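Enquirer: give me a 3D structure for the following:
(chains A and B)
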Amino acid sequence: MPRFYVTTPIYYVNDAPHVGHAYATVNADALARWHRMLGDDVFFLTGTDEHGAKVAEAAAEHQMTPNAWADQVVSRFTRAWDGLDISNDDFIRTTEPRHHLAVQEFLQRIYDNGFIELDTYSGLYCVSCEDYYTEDQLVDGNCPVHGRPVVQMQEDNYFFKLSAFEDRLIEWYESNPDAVGPAGKRNEALSFIKGGLRNISITRTSLTWGVPVPWDKDHVFYVWYDALVNYLTAIGYGTDEERCNAWWPAVHHLIGKEILRFHCVWWPAMCMAAGIDPPANVFVHGWLLVGGQKLSKSLKLTEIAPEVLTEDFGVDPIRYHLLREVPLGSDGEFSYEGIVARYNADLANNLGNLVSRVATVVGSKCAGIGPAPNHQSALADPASAALAAAADAWGRFAPHEALSATWSLIGSTNAALEAAEPWKLEPGPDVDAVLGDALEALRIVSLLITPAMPSTAAEIWRRIGLSGNPADRRIPADASWGGYPGGLAVEKGSPLFPRRST
RNA sequence: GGCGGCGUAGCUCAGUUGGUCAGAGCACACGGCUCAUAAUCGUGUUGUCGCGGGUUCGAGUCCCGCCGCCGCUACCA
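Expert: Residues are numbered from 1 along each chain as shown, chains lettered A, B, ... in the order given. Now for the predicted structure:
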């Protein structure tokens, strides 16, 4: 059985979940759901990153222990994901014992392999970023991202000998052209590597809120270096070799472009240093922009909490919008107006209305019993084309194309109804043929939208009289033309997506 | 500064290796229909494909220059 291991970044707990987090997580979720329908053995991982100075500082400000602070923020993430129907198979927290064990095992191995050495580091540090800056990067002497003062830091650190992996990384990139996508991001990473790599500091003595360095009690690992290892922790690295080997390295890391360097340079090198293969695939998504600016708390644009949107529009419409509006890999505008426009056009007018009109005519012309489809239907080709295009698109991490292809079938079905005008015909074989085809198209549409809108898909499935859940069907076998049996009671129901006026 | 990318209808964008490539969706207009959530179906308008040269029988599609916009440029983590 093919395996599909997909990860989101683990989210830093100093920030409440917002649309940017939801974007990455919903995309990973839809991919996971698609692959489950393909029959793959799927492992979908998300979680939280809980170490580092920023968390310790935030906890202190609230007179809480870092652990208690993290617990509180983590619960907001888990609730947010429940609220978005996220189907993750595991939720990892970097403060868990299993993660400490994996990190220590992983980095001890790198140390033993001779790729970690002690050195002195000094630099200008922004606590908010968990990052160092050079003087010319500063804006008015402050952090360019947060606008906050930076601190001069100097300490003895252990350094990872990243420079030793320059050639191996280049070779890896050149022999694995699909390892990082989209191509533009791959080139960005590769050119960065070709520009020369320097060793990187991976431990801290200035704080204790982190994973202890096993060979030196005075140090904890720098937050980024423990965070990346989560992808291995969750599949049993260091404790369950068989399981780990089953899932690694065939992983798909879905990440945002702001953490490209960590995932496309540091992480593969760390894996090499530890003696394991680098991740098979890193897919880099873009940013959702509000008024052209990144969603970021310091820019005060994170007031867009996922739950506010789902309460307003519903869970599936928001999932749909996140998947459909912007090609994964590109930046895109995210706006209320944009959501309303797409909601009305795609969900209310096209899909929702199609379900309504079909159910109504089945009610009036077929006594509410759905007829079987015609095997020679003119909709058979559009249906198989939509299936093929969707499958291809999901395989390329292009949910927006998969959904676009699915909507072309919805359009063909609306047009077919218009051409046949079954509402004008007397009940009989002609009417049955038209409506059977429409019901079959809706059945296939239900399957194709399941990764994006699982609840809606199940509801359409139910309304047209089918039992079970479309998520349990198999693609492509169950999505080929002719699967609707006919003779099932079709329910009218209320509008799936009431049209929005604003 | 260096490297990379982008600039195509009002909006968002598709446009492989040069020859129906001037397109799609939305918006808009007109027409049809009235089963449906004033939904749907059909037809259509708008573009000097950033600007200027060049290569070619022929260039959004290749080359040069220019203008505008954007990304990356860790650093002795």
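Enquirer: tell me who's in contact with the residue in the stretch 251-400 of chain A that RNA strand B sits nearest to.
Expert: Per CB to the nearest atom of the strand, residue A:352 is where the stretch 251-400 of chain A lies closest to RNA strand B, at 1.9 Å. Yep, even glycine has a C-beta here, placed from its N, CA and C like the rest. By CB atoms under 8 Å, 6 or more residues apart in numbering, residue A:352 lies in contact with A:495, A:496, A:497, A:498.
Enquirer: again, but for residue A:363
Expert: A:490, A:492 are the contacts of residue A:363 under CB under 8 Å, 6+ apart.
Enquirer: would you verify that it is located in a strand?
Expert: No. Looking at residue A:363 with DSSP: H, G, I helix; E, B strand; the rest coil, it is helix, so not inside a strand.
Enquirer: residue A:217: which element?
Expert: Taking DSSP states H and E as the criterion, residue A:217 maps to strand A:216-221.
Enquirer: right, and the helix or strand after that strand?
Expert: Next along the chain after strand A:216-221, taking DSSP H and E as the criterion, comes helix A:223-227.
Enquirer: returning to that earlier point: please flag which of the contacts of residue A:352 sit within helices.
Expert: Assignment to helices by DSSP state H places none of these there.
Enquirer: now for those residues: which two are most distant?
Expert: A:496 and A:498 (8.3 Å; CB to CB).
Enquirer: and these two? Which one has more around it.
Expert: Shown here are residue A:496 and residue A:498; by other CB atoms under 10 Å, residue A:496 has more neighbours (22 against 13).
Enquirer: which residue packs closest to the more buried one, ignoring adjacent ones?
Expert: Spatial nearest neighbour of residue A:496, excluding adjacent residues (CB to CB, 6 or more residues apart in numbering): residue A:352 at 4.3 Å.
Enquirer: confirm that neighbour sits in a strand?
Expert: No. Residue A:352 is assigned helix when assessed by three-state DSSP, not a strand.
Enquirer: any idea how far it lies from residue A:446?
Expert: Separation of residue A:352 from residue A:446 (CB to CB, to the nearest Å) stands at 13 Å.
Enquirer: over to residue A:318?
Expert: Separation of residue A:318 from residue A:446 (CB to CB) stands at 19 Å.
Enquirer: also residue A:57?
Expert: In terms of CB to CB, residue A:57 sits 49 Å off from residue A:446.
Enquirer: neighbour count: these two, which is higher?
Expert: residue A:446 (26 against 17).
Enquirer: so that one lies in a strand, does it not?
Expert: No. Counting by three-state DSSP, residue A:446 is not part of a strand but helix.
Enquirer: who's in contact with it?
Expert: Residue A:446 neighbours (CB under 8 Å, 6+ apart): A:457, A:458, A:460, A:461, A:464, A:470.
Enquirer: between these, which is nearest RNA strand B?
Expert: Closest to RNA strand B, out of all of the contacts of residue A:446 and judged by CB to the nearest atom of the strand, is residue A:460, at 10.1 Å.
Enquirer: isn't residue A:439 up against residue A:374?
Expert: No. Look at residue A:439 against residue A:374 with CB atoms under 8 Å: they stay out of range, at 11.1 Å.
Enquirer: quick one, which of the two is more surrounded?
Expert: It is residue A:439, of residue A:439 and residue A:374, that has more neighbours when counted by other CB under 10 Å, with 28 against 18.
Enquirer: what helix or strand is the more buried one on?
Expert: Counting by DSSP H and E, residue A:439 is found in helix A:429-449.
Enquirer: mean confidence for the helix or strand just after that helix?
Expert: For helix A:429-449, the following helix or strand on the C-terminal side (DSSP H and E) is helix A:454-463. For helix A:454-463, mean pLDDT is 98.
Enquirer: how about the contacts made by residue A:103?
Expert: Residue A:103 neighbours (CB under 8 Å, 6+ apart): A:211, A:221, A:225, A:226, A:229, A:233.
Enquirer: how many neighbours does the closest residue to residue A:236 other than its chain neighbours have?
Expert: Nearest residue to residue A:236, sequence neighbours excluded (CB to CB, 6+ apart): residue A:243, at 4.1 Å. Applying other CB under 10 Å, we find 14 other residues in the vicinity of residue A:243.
Enquirer: which secondary structure elements does the helix or strand where residue A:243 lies contact?
Expert: Assigned by DSSP H and E, residue A:243 belongs to helix A:241-247. Contact here means 3 or more CB pairs under 8 Å, 6 or more residues apart in numbering; DSSP states H and E; on that basis helix A:241-247 packs against strand A:3-12.
Enquirer: which secondary structure elements does the strand it packs on sit against?
Expert: helix A:19-37, strand A:41-49, helix A:241-247, strand A:251-256.
Enquirer: what angle separates that strand from strand A:251-256?
Expert: Strand A:3-12 runs at 30 degrees relative to strand A:251-256, counting by axes from the mean of the first three to the mean of the last three CA atoms, to 10 degrees.
Enquirer: OK, contacts around the residue of the stretch 151-300 of chain A found nearest RNA strand B?
Expert: Using CB to the nearest atom of the strand, the single residue of the stretch 151-300 of chain A nearest to RNA strand B is residue A:201, 2.6 Å away. By CB under 8 Å, 6+ apart, the residues touching residue A:201 are A:119, A:121, A:157, A:158, A:159, A:160, A:222.
Enquirer: for it, which non-adjacent residue is closest in space?
Expert: In space, and not counting its chain neighbours, residue A:201 is closest to residue A:157: 3.9 Å by CB to CB, 6+ apart.
Enquirer: neighbours of that neighbour, how many?
Expert: Applying other CB under 10 Å, we find 23 other residues in the vicinity of residue A:157.
Enquirer: name the SS class of it, please.
Expert: strand.
Enquirer: surely it and residue A:120 touch.
Expert: Yes. Using CB under 8 Å, residue A:157 makes contact with residue A:120 at a distance of 7.2 Å.
Enquirer: so the residue nearest to residue A:236 sits right up against residue A:234, yeah?
Expert: No. With contacts counted by CB under 8 Å, residue A:243 stays clear of residue A:234, the gap being 9.9 Å.
Enquirer: tell me the buried residues in the helix holding residue A:439?
Expert: By neighbour count on 16 or more other CB atoms under 10 Å, the buried set for helix A:429-449 is A:431-449.
Enquirer: off-centre distance for that helix?
Expert: 31 Å (CA atoms, centre = their mean, to the nearest Å).
Enquirer: the stretch 201-350 of chain A: strands as residue ranges?
Expert: A:203-204, A:212-213, A:216-221, A:251-256, A:281-285, A:288-290, A:293-294, A:332-333 (DSSP state E, counting those that start in this stretch).
Enquirer: angle of the fourth one against helix A:19-37?
Expert: Compare the direction of strand A:251-256 with that of helix A:19-37 by the same axes, to 10 degrees and you get 160 degrees.
Enquirer: pull the distance from the helix holding residue A:243 to the chain's centre.
Expert: Worked out by CA atoms, centre = their mean, helix A:241-247 lies 23 Å from the chain centre.
Enquirer: nearest residue to residue A:91 in space, please, no chain neighbours.
Expert: Of all residues not flanking residue A:91 in the chain, residue A:47 sits nearest, at 5.1 Å (CB to CB, 6+ apart).
Enquirer: what's near enough to touch that neighbour?
Expert: So residue A:47 contacts A:10, A:11, A:90, A:91, A:92, A:93, A:94, A:230, A:234 (CB under 8 Å, 6+ apart).
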